[in-house]
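*Asks:* All I have is the shape, not the residue letters:
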């Protein structure tokens, strides 16, 4: 069975500092991996995804993530945090079954301090 | 850009009442999903729907739940007799086909059961 673990339910950084949100997955088959962001009182917005090919993927708002098969990780990074990055971030793995459902991690709340 | 829409944004109901949550997926998408997020918890898969039938459902999706695509545009989730523990944010998602690999989420319906 596939699963996703996000280390750290809350991460706090200063504005301008590096953002690192950790995600590890478990999958018996090559995974499709996603990061979604949820701003307060809003739905889920796709930040970036890895399916095949280049292991470093770039997303919106300056975020990127690197798929590391050997470490079963897909950590999300941004070189310089902005106040507007404060949100909840979810890592997800998509099953390769016909249903294509997403399995989400617990989420990480990012706080950005001025 | 096409988007998934959901109505209502907030539904308050009494325990034991029936509720119908509505979603309009992106028009040419073929796969439809419902997820829920209990406050403070992760997003959980409920059900997937393809070709006018349920393709997969989770343990949460018991006999109290049903889904329907009544008219080729709407996708509904019905909870027949709501319980307190059904209080959550319910997200609808859709995607075109495996090649696109991205599920697009609606803004969610917050269901409050009193």
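*Replies:* Done, it's in. Here the structure is a predicted model, which is why all the values come from computation and not from measurement.
*Asks:* Could you give the backbone dihedrals for residue A:60?
*Replies:* phi -80, psi 160 (degrees, to the nearest 10).
*Asks:* if I look at the closest residue to it other than its chain neighbours, how far off is chain B?
*Replies:* Closest residue to residue A:60 apart from its sequence neighbours, by C-beta to C-beta, 6 or more residues apart in numbering or on different chains: residue A:47 at 5.9 Å. C-beta: built from backbone N, CA, C; applies to glycine. Distance, residue A:47 to chain B, by C-beta to the nearest C-beta, to the nearest Å: 11 Å.
*Asks:* Surely residue A:47 is within a strand?
*Replies:* Yes. Residue A:47: assigned to a strand according to DSSP: H, G, I helix; E, B strand; the rest coil.
*Asks:* after the strand or helix carrying residue B:23 comes which helix or strand?
*Replies:* Taking DSSP states H and E as the criterion, residue B:23 maps to strand B:19-24. Counting by DSSP H and E, the next helix or strand C-terminal to strand B:19-24 is strand B:31-37.
*Asks:* the inter-axis angle of that next one versus strand B:19-24?
*Replies:* Interaxial angle, strand B:31-37 versus strand B:19-24 (axes from the mean of the first three to the mean of the last three C-alpha atoms, to 10 degrees): 130 degrees.
*Asks:* Please identify the helix or strand for the residue positioned nearest the centre of chain A.
*Replies:* Nearest to the geometric centre of chain A sits residue A:35, at 3.4 Å (C-alpha atoms, centre = their mean). Assigned by DSSP H and E, residue A:35 belongs to strand A:32-38.
*Asks:* Just confirm yes or no for that strand near chain B.
*Replies:* Yes. Shown here: strand A:32-38 in contact with chain B (C-beta under 8 Å from any C-beta of the partner chain) through A:32, A:34, A:36.
*Asks:* Most neighbours out of those residues, which is it?
*Replies:* The most crowded member of the residues of strand A:32-38 next to chain B is residue A:34, carrying 28 neighbours; neighbours defined as other C-beta atoms under 10 Å in any protein chain shown.
*Asks:* Secondary structure class of residue B:93, three-state.
*Replies:* At residue B:93 the chain is in strand, as set by three-state DSSP.
*Asks:* Can you show me the strands along the chain?
*Replies:* Picking chain A for this. In chain A, the strands defined using DSSP state E lie at A:3-7, A:10-14, A:19-26, A:32-38, A:44-50, A:56-58, A:64-68, A:73-78, A:87-94, A:102-104, A:108-113.
*Asks:* my bad, chain B
*Replies:* For chain B, the strands defined by DSSP E cover B:5-7, B:10-13, B:19-24, B:31-37, B:43-50, B:53-57, B:65-68, B:75-79, B:88-95, B:104-105, B:109-113.
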